[in-house]
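Asks: kindly generate the corresponding structure for this input.
(chains A and B)
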Amino acid sequence: MLDPKFLRENTDAVRKGVARKKFQVDLDAVLAADERRRHAVTEFESARAGQNAANQAMAKLPKGSPEFVAKVAEMKALSAKVKELEKSVADAESSWRDACLTVPNIPDPSVPEGRAEADNVVAAAWGDPAALVSAAAKPHWDIPGFAKAIDFERGVKVTGAGFPFYVGDMARLVRSLVQFFLEHAAERGYTEVHAPLLVNPASATATGQLPDKEGQMYHAPTDDLYLIPTAEVPVTNFFRDEILSAADLPVKRCGYTPCFRREAGSWGAHVRGLNRLHQFDKVELVKWCAPDRSLAELESLREDAELILRKLNLPYRVLLICAGDIGFPHSKQYDLEVWAGGQRRWLEVSSCSSFTDFQARRAGIRYRDAEGKVHTVHTLNGSGLGLPRVLAAILENNLRPDGSVAVPEALRRWFGKDSLALG
RNA sequence: GGAGAGGUGGCAGAGUGGUCGAUUGCACCUGACUUGAAAUCAGGCGAGCCCGCGAGGGUUCCGGGGGUUCGAAUCCCUCCCUCUCCGCCA
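Replies: Purely as a prediction, here's the structure:
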């Protein structure tokens, strides 16, 4: 949610920003709703002030006296009117709030123009994908023994499509990756949290999953709880409706969780194997910072994520997402894509974003500055990293002629061996 | 799951229908005293929204929602949560 005052005073800038994002929003309707709301509030409050004054006067009158009785009769009408006005305030506020929720965040000036994915800008690249292209390279699902090590069939039987079992050394490799990601995050100054995997509607609303993306989450109706689509939800909500101290900023947290996504309607040719799952593991990096720091924090967040791929020796590129392809709440966004030599394509393994105050306003996360003034914080998050696609890249890029997979040096500490035998 | 008790400002803890956004203590901030600190004293010290250039004024919020009343932290309904005991269970 944008700052209503900012929207009121910088309507043109918002209009331009929204246009850059290619979103269709009736800003005039939002402004009109704001106008109606403020009018209703003013009207209600002056009526209420009159009622309060009269009630205070009544408190001094002896109960049951003729003046008192007369006053009660007189006040009944005012009371009814106040109630009516109160209701119209509630109506005006809720429709204004609904209108506000339709307005996306505006892109940072440094975000490039563009309509769609194809217009994203390669901001950085590391490693040499060409070196990994060979006739022997194959998609991970075609590696002999894959079906046994990552058992989709059993997953279908037990749960459904997109819920594979990782078996034996493959399970160990998954666990090693989680450990490695978490250790890396700790080295980079993030405090680990182990978070709830189900959240209530208030939390899902605060981070923006509700109401728009309701269909993407699994829901447990008996208790009205949602399975988290990302650790971003519980980790960000940790500070919901709280006021942080400026001295504590930036706050950096990381969390490992399984993530659950229904992925309704997003299955196609490019989502075989590990490329898209209903349940997958991820370590998420989350930051809360002062507004003047968010762009710098985004750069360091991106660097934190990039370093993981370097340590794993996986070629990658960084895309600066263009205005037309950036998400609704985002101000600026980088995607990290790892090279999967067998599929010969880039796979997104991290999305690092700044939300400015957009998400924090919705979540009620603020900070108190040195003068004691309260402001909305800026929030950022990024994956560090999403596990299955990293695993896919390792399997495809490190496949040896004998069918085994070389385990990256960085993982051996936890994996215990330098090679993984499938099958 | 059953029975009982309770949810008030950063914390502790008063307040059971009327001038209560709320006594008091702690914490915190400012000032005085002090070479400095401690102690002491004085003052300040929640958030949201509306009006106003501003100074400032108004209004809402005592777990959430609804109700009764001229008036609700206080009474009623309902939901959520916490604690104690019992039951069940990893």
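Asks: list the contacts of the residue in the stretch 101-250 of chain A that RNA strand B sits nearest to.
Replies: Of all residues in the stretch 101-250 of chain A, residue A:243 sits closest to RNA strand B, at 6.4 Å by C-beta to the nearest atom of the strand. Where you see a C-beta, it was placed from the backbone N, CA and C, and this is true even at glycine. Under the criterion of C-beta atoms under 8 Å, 6 or more residues apart in numbering, the contact list for residue A:243 reads A:366-368, A:374.
Asks: give me the subset of those touching RNA strand B.
Replies: Filtering the contacts of residue A:243 for proximity to RNA strand B by C-beta under 7 Å from any atom of the strand leaves A:366, A:368, A:374.
Asks: buried subset of the residues you listed as a PyMOL selection?
Replies: Buried members of these, defined by 16 or more other C-beta atoms under 10 Å, are picked up in PyMOL with:
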select buried, chain A and resi 366
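Asks: bridging residues for the residue of the stretch 251-400 of chain A found nearest RNA strand B?
Replies: Here the residue of the stretch 251-400 of chain A nearest RNA strand B is residue A:374; by C-beta to the nearest atom of the strand that distance is 4.2 Å. Taking DSSP bridges as the rule, residue A:374 bridges to residue A:368.
Asks: tell me who's in contact with it.
Replies: For residue A:374, the residues meeting the contact criterion (C-beta under 8 Å, 6+ apart) are A:243, A:366-368.
Asks: and the residue of the stretch 101-250 of chain A closest to RNA strand B, its phi and psi?
Replies: Backbone dihedrals for residue A:243, given as degrees, to the nearest 10, come out at phi -110, psi 120.
Asks: that one and residue A:251: what is the separation?
Replies: Taken as C-beta to C-beta, to the nearest Å, the spacing of residue A:243 relative to residue A:251 amounts to 13 Å.
Asks: isn't residue A:337 up against residue A:314?
Replies: No: Residue A:337 is not in contact with residue A:314 according to C-beta atoms under 8 Å; the separation is 10.3 Å.
Asks: more neighbours, the two?
Replies: Neighbour tally, residue A:337 and residue A:314, criterion other C-beta atoms under 10 Å: the higher count belongs to residue A:314, 25 against 22.
Asks: so what's residue A:50 up against?
Replies: residue A:78.
Asks: helix, strand, or coil at it?
Replies: Three-state secondary structure (criterion: DSSP: H, G, I helix; E, B strand; the rest coil) places residue A:50 in helix.
Asks: what comes into contact with stretch A:190-204?
Replies: The contact list for stretch A:190-204, computed with C-beta under 8 Å, 6+ apart, reads A:182, A:185-186, A:210, A:217, A:220, A:223-228, A:231, A:233-235, A:237-238, A:240, A:252-258, A:260, A:285, A:304.
Asks: same deal with stretch A:144-151?
Replies: Applying C-beta under 8 Å, 6+ apart, the set of residues contacting stretch A:144-151 from outside is A:140-141, A:153, A:164-170, A:273-274, A:395, A:403, A:421-423.
Asks: distance of residue A:152 relative to residue A:282?
Replies: Using C-beta to C-beta, residue A:152 is found at 19 Å from residue A:282.
Asks: of the two, which one has the most company?
Replies: Neighbours per residue (other C-beta under 10 Å) separate residue A:152 from residue A:282, with residue A:282 holding more: 24 against 19.
Asks: show me the contacts for the more buried one.
Replies: By C-beta under 8 Å, 6+ apart, residue A:282 lies in contact with A:230-231, A:256-259, A:383, A:385-387.
Asks: as a markdown table, the residues you listed with distance to RNA strand B and pLDDT would be great.
Replies: As requested, those are arranged in a markdown table below (distance: C-beta to the nearest atom of the strand, whole Å; pLDDT from 0 to 100):
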| residue | distance to RNA strand B | pLDDT |
| --- | --- | --- |
| A:230 | 24 | 96 |
| A:231 | 22 | 97 |
| A:256 | 21 | 97 |
| A:257 | 20 | 97 |
| A:258 | 19 | 97 |
| A:259 | 24 | 97 |
| A:383 | 31 | 97 |
| A:385 | 31 | 95 |
| A:386 | 30 | 96 |
| A:387 | 26 | 97 |
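Asks: widest-spaced pair of the residues you listed?
Replies: Spatial extent of the contacts of residue A:282 (C-beta to C-beta) is set by the pair A:258 and A:385 at 14.4 Å.
Asks: which parts of the stretch 251-400 of chain A are helices?
Replies: Here the stretch 251-400 of chain A has its helices, by DSSP state H, counting those that start in this stretch, at A:294-311, A:358-363, A:387-397.
Asks: selection in PyMOL covering whichever of the contacts of residue A:282 are buried, please.
Replies: A single PyMOL command suffices to select whichever of the contacts of residue A:282 are buried according to 16+ other C-beta under 10 Å:
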select buried, chain A and resi 230+231+256+257+259+383+385+386+387
